[in-house]
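**Q** Next comes the sequence, and after it the predicted model I'd like to discuss.
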Amino acid sequence: MAEQDGTFDLDQVPGSEVTDQPQVALIAQYVKDLSFENPNAPAVYQWQTQPEINVNFNIASQVAGEDVYEVQLKIDIHATGGGQTAFRVDLLFAGLFGIRNVPEEQLQPFLFAEAPRLLFPFARRVVSDSVRDGNFPPLLLEPIDFGALYMQQQAQAQGNPGDIGQA
């Protein structure tokens, strides 16, 4: 997919022949940055209480080449118990998407709702494995309705929060 000059060519993706029809292809997905911290080991393994877990998500998108976009799913997890950190996971998981002939009004919903939905199961596995490898029970993140979150953010940006609930 990468050429000598560092650009990406959607025509090299199987099934992406030139046509006037809208086309979307997942070119690659990858861990861009991963950090697992266990600052209170080995004492943390003797704590008697379950840690409180706080999970935050952030989605970003940028142009990576002609008809190619990088979508980044940032997941920050902080587990605390007794005012101390049990563990912390920071993951930046990304995917390259080839997008051609998609109307402008559909591009943002794809990049901020559908693309993260496609990336999430793989990011979820990375988080689970990292927590397990830190000698904690695997952390299985609940599925997220990125479409509802996108619509909620759009409504808030327009000043009409309406009845859209938390996802």
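**A** Right, received. Where do you want to start? Remember, it's a predicted structure, so these values are computed and weren't measured experimentally.
**Q** all helices for this structure, in order.
**A** Ranges of helices in the chain, per DSSP state H, are 104-109, 115-133, 146-157.
**Q** Reformat those helices into JSON lines and put mean pLDDT next to each item.
**A** Shown next, in JSON lines, are the helices of the chain (pLDDT from 0 to 100):
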{"stretch": "helix 104-109", "mean pLDDT": "92"}
{"stretch": "helix 115-133", "mean pLDDT": "97"}
{"stretch": "helix 146-157", "mean pLDDT": "89"}
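**Q** Spit out the contact partners of the closest residue to Ala113 other than its chain neighbours.
**A** The shortest distance from Ala113 to any residue other than its chain neighbours is 4.0 Å, reached at Tyr150 (CB to CB, 6 or more residues apart in numbering). (Each C-beta comes from the backbone N, C-alpha and C, glycine too.) For Tyr150, the contacting residues are 109, 112-113, by CB atoms under 8 Å, 6 or more residues apart in numbering.
**Q** and with 10 Å instead?
**A** Going by CB atoms under 10 Å, 6 or more residues apart in numbering, Tyr150 touches 59, 108-114, 116-117, 167.
**Q** Low-confidence regions, the chain specifically.
**A** Applying pLDDT under 70 to the chain picks out residues 1-18, 160-167.
**Q** Grab the most central residue of it for me.
**A** Leu73 (2.3 Å; CA atoms, centre = their mean).
**Q** What separation do you get for it and Thr49?
**A** Using CB to CB, to the nearest Å, one obtains 30 Å as the distance from Leu73 to Thr49.
**Q** Next: Arg88.
**A** The gap separating Arg88 from Thr49 is 17 Å, by CB to CB.
**Q** who's more crowded, the two?
**A** Arg88 (17 against 8; other CB atoms under 10 Å).
**Q** For that one, list the residues it contacts.
**A** Arg88 is in contact with 35-39, 54, 76-80, 134, counting by CB under 10 Å, 6+ apart.
**Q** most neighbours, which of those residues?
**A** Ala79 (21 neighbours).
**Q** Would you mind measuring from that one to Arg132?
**A** For Ala79, the distance to Arg132 - CB to CB - is 13 Å.
**Q** count of neighbours near Gly82?
**A** Neighbours of Gly82 using other CB under 10 Å come to 12.
**Q** Kindly report the same for the one 5 residues further on.
**A** Counted with other CB under 10 Å, the burial measure for Phe87 works out to 24 neighbours.
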